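> Make a model of this:
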Amino acid sequence: DSAFAYCSSLNGTLSFDSKQEDKITIGMRSFYGCSNLCNRLDITQNVDTIGEEAFAYCSGFDSLYISYGKFERINSRAFFHCSGFTGSISIPSQITHIYDEAFSGCSGFNSRFEVPYIYYGKGVFSYCSGLESLNLYNCYVIHDYMFQGCTSLQKPYFRSQTSLYSHSFEGCTSFTGTLDLSDVSQVGSYAFAGCTGISKVSFGENNNYYNYVDRYTFANCTGLNGILLLPDNFRTLYEGCFYNCHSIENLIFSNSITSIPDYAFYNCSGIKGSLTISINIDYIGKCAFDFVQFSEIIYYRTQPLNCGENAFPTNLKVSVPSHYISNEFCGIKLNDEDPVEIPTQTPVPEVSETIIYDAENDDSNALNKKIEEAFNKLKNGNENTNKVVYINADKYNFTSNLLPDEFISSEGNTIIEFQEGNLNLALDNKPNITVQLKESTANLMMKGNGILDIDSVSGSNSINITNNFDINGSFTLKVLSSSKCESISIDS
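Numbering: from 1, shown residues only. Below you'll find the predicted structure:
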C-alpha cells in the first residue's frame, strides 16, 4: 500500500510484465498522485487486484486499457480524477463489481460508453464531463450519483422498468428536449436536478410502477417550459420536486394527488394563470407555491385548507364560496367588504363501463380484478374524466382502493359489504344502494344526487365517515332500523 504515493518525480510509461507468471497486486494508493506518469496505462491479465485509490490523481495517463484477466473488482476511487484518460471506457466481462467513485472525475473519456449490468457503488462515473453518450441496453439500474455532473452527456434511452436512483443524472446539462420516463419503474431524489436543458417530461399515463415525483427530482430544471402535466396515475409528490423550475407556465394535476409538499413549486415564477384547488387536496406545504404569481386561486370547499408557512405569496386574489367560514386562506387575508363569489364549477365529463358479477363463481379477488380491468379500459384516452363502473349484482364484498376519479355504482338494488379500502359511490342515477359497514370508520366518497342506505354491522353505536363529497351533490344518508348505530359523524 502507498508504495509510490506522491512520487511526483516518477515519469514516463508505467508497465506491468504480462509474461510474468506470478500475480501482480496493485495495493491501496500505490501510485496515488503520481501525476507525471504518461502514455497508456495497461492493466495486464496477471493483475489480480487494484486497490482503493491505486491510481487516484494520476492525471498524466492519456488512455486506459484493462485486459481480460482474473480480477473481478475495481475498488473505490481506483482511477479517481485520472483526467488525462481519453477515448472510451471499456469494462472487461470478468468485472462484477465497481465500487464508489472508481472513475469519478475522469473528464477525458469522450466517446460512447456501453454500460454493463454489474454491481456499482456510488458515483462511479460522476463528473466524467467528457462522456457524450450511453448505451443502457444491458443496464436497467442506474445507481446513486452514477453519472452526476457528466455535463457533455446526451439524453439516453431507458429500457422498460429501468430504476434510476438518487442523483443519478444530476447536473447533466446537455440533456435536451423531452425526457421520456413513460416506461421507468423508479426515479430517485435529485435524479435530474439541475438538468437545465430538459424542456418537457413525459411521465406516461399507463405506467403502473412510476407514479410519484421524489424529493427535488427536477429541482432547478430551469428549461422546463409550457404545460406540466401530471397524469391521473400519479398519486404522490415529495418535497421540492419542481423547485425553482421558473419556466413552467401552467400546471395540470392528477386527480389522485391529495397534498402538495413543502417547496414543491417554489419560485416557479413562470406560472401566471389561475390555480383551481381540487376538493381532493387536503394539505399544501411550506413555501409550496411561494414566489408563484397566480392570477387567481379558486377554492371550492367551505372549510379552510391546511397550509404550511408561506404556502402562497400573500398578495394573491382568492375566490372562495360565499359561505366560506374564515377570513383568510393559507395566510392570505380575505377582504370582508368585497366578498368574492365562487365561480360555477365546470362539470367533469364522465365515462362508464358495466361488469357482471357471478356470485356462484366469483370471489372478492375475481371481482376486484374485473373492477381493475374495467377502470384500466376507461383510462385509455379519457383524461380529466370521472370513471364509473356499474356492477350488476345483488350483493358483493368490496375491498378495493379507488382513485379519486374512480366510482362504483349500480343499475338496480345492491348491497355492498364494505370490508376495507376506500369506496367511491356515484349516486347520479339514483341507484338503490345499501352499504354494510364492517368497521366503525368508513372511507367513503359520494358524488351526485341520491339516497344511500347505511347499515352498520360493526357492533359500534356510532359511525365516522371520512372523505370528500361532491360540491354539487345533494344526497341523503339513511341509517337502517336494523343497525345498532345511534349517530353518524362526517369529516369532509
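> What distance do you get for residue 115 to residue 140?
10 Å (C-beta to C-beta, to the nearest Å). All C-beta spots, glycine's among them, are computed from the backbone N, C-alpha and C.
> List every C-alpha atom in the helix or strand containing residue 368, with coordinates, as PDB.
Taking DSSP states H and E as the criterion, residue 368 maps to helix 364-379. The C-alpha trace of helix 364-379 is given here as PDB (Å, rounded to 0.1, in the frame of the first residue of the first chain):
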ATOM      1  CA  SER A 364     -63.800 -11.000  -4.000                       C
ATOM      2  CA  ASN A 365     -60.400 -11.300  -5.800                       C
ATOM      3  CA  ALA A 366     -62.200 -12.100  -9.000                       C
ATOM      4  CA  LEU A 367     -64.500  -9.100  -8.600                       C
ATOM      5  CA  ASN A 368     -61.500  -6.800  -7.800                       C
ATOM      6  CA  LYS A 369     -59.800  -8.000 -11.000                       C
ATOM      7  CA  LYS A 370     -62.900  -7.200 -13.000                       C
ATOM      8  CA  ILE A 371     -63.100  -3.700 -11.400                       C
ATOM      9  CA  GLU A 372     -59.400  -3.100 -12.100                       C
ATOM     10  CA  GLU A 373     -59.700  -4.200 -15.800                       C
ATOM     11  CA  ALA A 374     -62.800  -2.000 -16.300                       C
ATOM     12  CA  PHE A 375     -61.100   1.100 -14.900                       C
ATOM     13  CA  ASN A 376     -57.900   0.400 -16.900                       C
ATOM     14  CA  LYS A 377     -60.100   0.300 -20.000                       C
ATOM     15  CA  LEU A 378     -61.800   3.600 -19.100                       C
ATOM     16  CA  LYS A 379     -58.400   5.300 -18.500                       C
END
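> what does it rub up against?
When contacts are defined by C-beta atoms under 8 Å, 6 or more residues apart in numbering, helix 364-379 is touched by residues 205-206, 232-233, 351-353, 355, 357, 362, 385, 387, 389, 391, 396-400, 402-403, 406, 408, 419.
> Out of the residues you listed, which end up buried?
Buried subset of these (neighbour count, 16 or more other C-beta atoms under 10 Å): 205, 232-233, 352-353, 357, 362, 385, 387, 389, 391, 396-398, 400, 402-403, 406, 408.
> So what sits opposite residue 38 in the bridge?
residue 13 (DSSP bridges).
> That one: what's it in contact with?
Per C-beta under 8 Å, 6+ apart, neighbours of residue 38: 11, 12, 13, 60, 61, 62, 84.
> Could you rerun that using 7 Å?
By C-beta atoms under 7 Å, 6 or more residues apart in numbering, the contact list for residue 38 reads 11, 12, 13, 60, 61, 62.
> Where does the prediction get shaky in the chain?
Low-confidence segments of the chain, defined by pLDDT under 70: 18-21, 336-346, 429-430, 440, 457-478, 480-492.
> The same query, at a cut-off of 50, please.
337-338, 471 (pLDDT under 50).
> still on that earlier bit, so which of the contacts of residue 38 wins on neighbours?
residue 61 (25 neighbours; other C-beta atoms under 10 Å).
> Tell me which residues of the helix holding residue 368 come out buried.
In helix 364-379, counting by 16+ other C-beta under 10 Å, buried: 367, 368, 370, 371, 374, 375, 378, 379.
> Of these, which is the nearest to residue 148?
Distances from residue 148 to these, taken as C-beta to C-beta, are shortest for residue 379 (35.4 Å).
> returning to what we had before: got the contacts of residue 38 as a markdown table, with distance to residue 96 columns?
As requested, the contacts of residue 38 are exported to a markdown table (distance: C-beta to C-beta, whole Å):
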| residue | distance to residue 96 |
| --- | --- |
| 11 | 34 |
| 12 | 33 |
| 13 | 29 |
| 60 | 29 |
| 61 | 24 |
| 62 | 28 |
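> now, which of these sits nearest residue 262?
residue 61 (46.4 Å).
> Could you pull up phi and psi at that closest one?
Dihedral pair for residue 61: phi -60, psi 140, per degrees, to the nearest 10.
> How about the one 4 residues further on?
Taking degrees, to the nearest 10, you get phi -130, psi 120 for the backbone angles of residue 65.
> dump the residue contacts of it.
40, 42, 43 are the contacts of residue 65 under C-beta under 7 Å, 6+ apart.
> switch to 6 Å and redo it
Residue 65 makes contacts with residue 42, as judged by C-beta atoms under 6 Å, 6 or more residues apart in numbering.
> beta partners for it?
residue 42.
> Could you tell me the end-to-end distance of stretch 59-79?
Using C-alpha to C-alpha, to the nearest Å, one end of stretch 59-79 lies 9 Å from the other.
> From the chain's centroid, how far away is that stretch?
Taking C-alpha atoms, centre = their mean, to the nearest Å, one finds the center of stretch 59-79 at 36 Å from the center of the full chain.
> quick one: buried residues of that stretch?
59-61, 64, 66, 69, 71, 73-79.
> Over to stretch 324-337?
Here stretch 324-337 shows 324, 329, 330, 332, 334 as buried, counting by 16+ other C-beta under 10 Å.
> burial of the nearest residue to residue 157 once chain neighbours are set aside, as a residue count?
If the residues on either side of it in the chain are set aside, residue 157 comes closest to residue 136, at 6.9 Å by C-beta to C-beta, 6 or more residues apart in numbering. By the other C-beta under 10 Å criterion, the neighbourhood of residue 136 contains 17 residues.
> thought residue 136 was touching residue 160?
No. Applying C-beta atoms under 6 Å, one finds residue 136 not in contact with residue 160, separated by 11.3 Å.
> if we can go back for a sec, so between residue 115 and residue 140, which is more surrounded?
Counted by other C-beta under 10 Å, residue 115 and residue 140 do not tie: residue 115 has more neighbours, with 20 against 16.
> Please state the offset of stretch 386-394 from the chain centre?
30 Å.
> What of stretch 447-454?
35 Å.
> And it, what's buried?
Using 16+ other C-beta under 10 Å as the test for burial, stretch 447-454 gives 447, 448, 450, 452, 453, 454.
> Tell me who's in contact with residue 124.
Contacts of residue 124 by C-beta under 6 Å, 6+ apart are 98, 102, 146.
> Also residue 251?
By C-beta under 6 Å, 6+ apart, the residues touching residue 251 are residue 228.
> That one: which element?
Counting by DSSP H and E, residue 251 is part of strand 248-252.
> Starting from that strand, tell me which strands it pairs with and how they run.
strand 226-229 (parallel).
> hang on, the earlier thing: among the contacts of helix 364-379, which are in strands?
351, 352, 353, 355, 387, 389, 391, 396, 397, 398, 406, 408 (DSSP state E).
> Show me the strands in the stretch 101-250 of the chain, by range?
Applying DSSP state E, counting those that start in this stretch to the stretch 101-250 of the chain gives strands spanning 113-114, 119-120, 134-135, 141-142, 163-164, 177-180, 186-187, 198-202, 212-213, 226-229, 236-237, 248-252.
> now the ones you listed in JSON lines, with distance to residue 314?
Converted to JSON lines, those look like this (distance: least, C-beta to C-beta, whole Å):
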{"stretch": "strand 113-114", "distance to residue 314": "50"}
{"stretch": "strand 119-120", "distance to residue 314": "47"}
{"stretch": "strand 134-135", "distance to residue 314": "46"}
{"stretch": "strand 141-142", "distance to residue 314": "41"}
{"stretch": "strand 163-164", "distance to residue 314": "37"}
{"stretch": "strand 177-180", "distance to residue 314": "34"}
{"stretch": "strand 186-187", "distance to residue 314": "34"}
{"stretch": "strand 198-202", "distance to residue 314": "30"}
{"stretch": "strand 212-213", "distance to residue 314": "27"}
{"stretch": "strand 226-229", "distance to residue 314": "24"}
{"stretch": "strand 236-237", "distance to residue 314": "23"}
{"stretch": "strand 248-252", "distance to residue 314": "20"}
